[in-house]
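1. below are the sequence and a predicted model; questions follow.
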Amino acid sequence: MINLEKEIREQPEVLARISNTNMEEIRKLVLTAKNAGVNNICFAARGTSDHASIYAQYLFAIYAGVPCGLATPSAISKYGAKISYKNTLVIGVSQSGQAADVLAVLQDAKSCGAITAAITNNADSPLAKEADYHLFCNAGPETSIAATKTFTSEMYLLALLCAEWSESKELRSLLAKVPGAVSDVLDNIPSHLETFIGDYKNIETGVVLGRGVLYPIALEGALKILETNCVKMKGYPISDFHHGPLAQVGKGDLVILLAAKGPVFSDSEEILSELDKIGADTMIITDSAEFAGERRNAVVVPSFGTDIVSPFVMAVVLQLIALKLTEVRGIDPDASKVLNKVTVTV
């Protein structure tokens, strides 16, 4: 079994153990932040970790009413900016914990007295050692070029942090269901993908669409397909796609549409109607069998009754799509001529 598939399949076990590993640290962090009057969060991250942070932005807004921003690391590492982090918790997110520009953000934050935290898969990394609090992915070694289990573990840690911050029983309950739902996806979806993935053997480009909590998954899914298959893919929010990017889609072009029952489900219905009129080849990933209809290339995932944690199962489906595409295209996803597993951006 290649590393990418092995690491995708490890996710239920990884997610199931995150809470026990981190809840004590999460409680300490939340208590300290609240006692200090923190009312803003700033995430410093790159790539996949940035996508996990965007998911957290939505959760903290929805459940805790806390505004979250994304840091601009190069403003510090390249332009020498000094930023005020008054009443702000600064969280660095990096699988390796070696991102130099993310480290620079944490160091800048600490210099003005801000509380800092790090989320990494390496407890001995510079980022983990620099932060006041460290949340540990505990995902085990990840050697494939594409981040899979570290992405979902980052999302899960951030969601646990939000659940503790907001004291939301609903979010805690939903998160408890995620490992089992991911296991269901891994048991049932790969064989279904094999029935139609060959149709896309020769694709050269495509887009992935989602809105709300599914928007960062659209970004992440596009990245996974791009970096494993050398296919030009881009993720968009459905809300923006209507306003210009739709012009790139022609008859037969691949569009992957993420649709989960919740506040933005009607947006998925609306854009699908437009895509069908164009004649796009729309692959649907949804928790609604009715929405999937009779489409051969539709994937139905477990439903939680809300879209809040659907990003976990949809992210795994997109990882599997990337994997299955490498199989039909004859590509080794664990090797790349241009990409390295750890990128230390300054």
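-> That came in fine, so what should we check first?
2. next one: phi and psi at residue 145?
-> Per-residue torsions, residue 145: phi -60, psi -40 (degrees, to the nearest 10).
3. just residue 125 next, same as before
-> Dihedral pair for residue 125: phi -80, psi 160, per degrees, to the nearest 10.
4. got the contact list for it?
-> Contacts for residue 125 (Cβ atoms under 8 Å, 6 or more residues apart in numbering) come out as 94, 96-98, 118. For the C-beta atoms, the positions are set from N, CA and C on the backbone; glycine is no exception.
5. switch to 6 Å and redo it
-> By Cβ atoms under 6 Å, 6 or more residues apart in numbering, the residues touching residue 125 are 97-98.
6. one more: residue 229?
-> Counting by Cβ under 6 Å, 6+ apart, residue 229 touches 325-326.
7. go again using 8 Å as the cut-off
-> 322, 325-326, 329, 331, 333.
8. could you do residue 51 as well?
-> Going by Cβ under 8 Å, 6+ apart, the list of residues near residue 51 reads 151, 216-217, 219-220, 223.
9. counting neighbours, which of the contacts of residue 229 comes out on top?
-> residue 322 (26 neighbours; other Cβ atoms under 10 Å).
10. pull out the buried residues from the helix or strand hosting it.
-> Applying DSSP states H and E as the criterion places residue 322 in helix 310-329. For helix 310-329, burial by neighbour count (16 or more other Cβ atoms under 10 Å) applies to 310-327, 329.
11. all strands for this protein, in order.
-> For the chain, applying DSSP state E gives strands covering 40-45, 68-70, 88-93, 115-120, 133-136, 205-210, 232-237, 254-259, 281-286, 299-300.
12. distance to residue 4, mean neighbour count and mean pLDDT for those - can I get that in a markdown table?
-> Formatted as a markdown table, those follow (distance: least, Cβ to Cβ, whole Å; neighbours: other Cβ atoms under 10 Å; pLDDT from 0 to 100):
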| stretch | distance to residue 4 | mean neighbour count | mean pLDDT |
| --- | --- | --- | --- |
| strand 40-45 | 22 | 24 | 98 |
| strand 68-70 | 27 | 16 | 97 |
| strand 88-93 | 22 | 28 | 98 |
| strand 115-120 | 21 | 27 | 98 |
| strand 133-136 | 23 | 22 | 98 |
| strand 205-210 | 18 | 24 | 98 |
| strand 232-237 | 17 | 20 | 96 |
| strand 254-259 | 19 | 26 | 98 |
| strand 281-286 | 19 | 22 | 98 |
| strand 299-300 | 19 | 21 | 98 |
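13. out of those, nearest to residue 293?
-> Nearest to residue 293 among the strands of the chain is strand 281-286; the distance by Cβ to Cβ comes to 8.4 Å.
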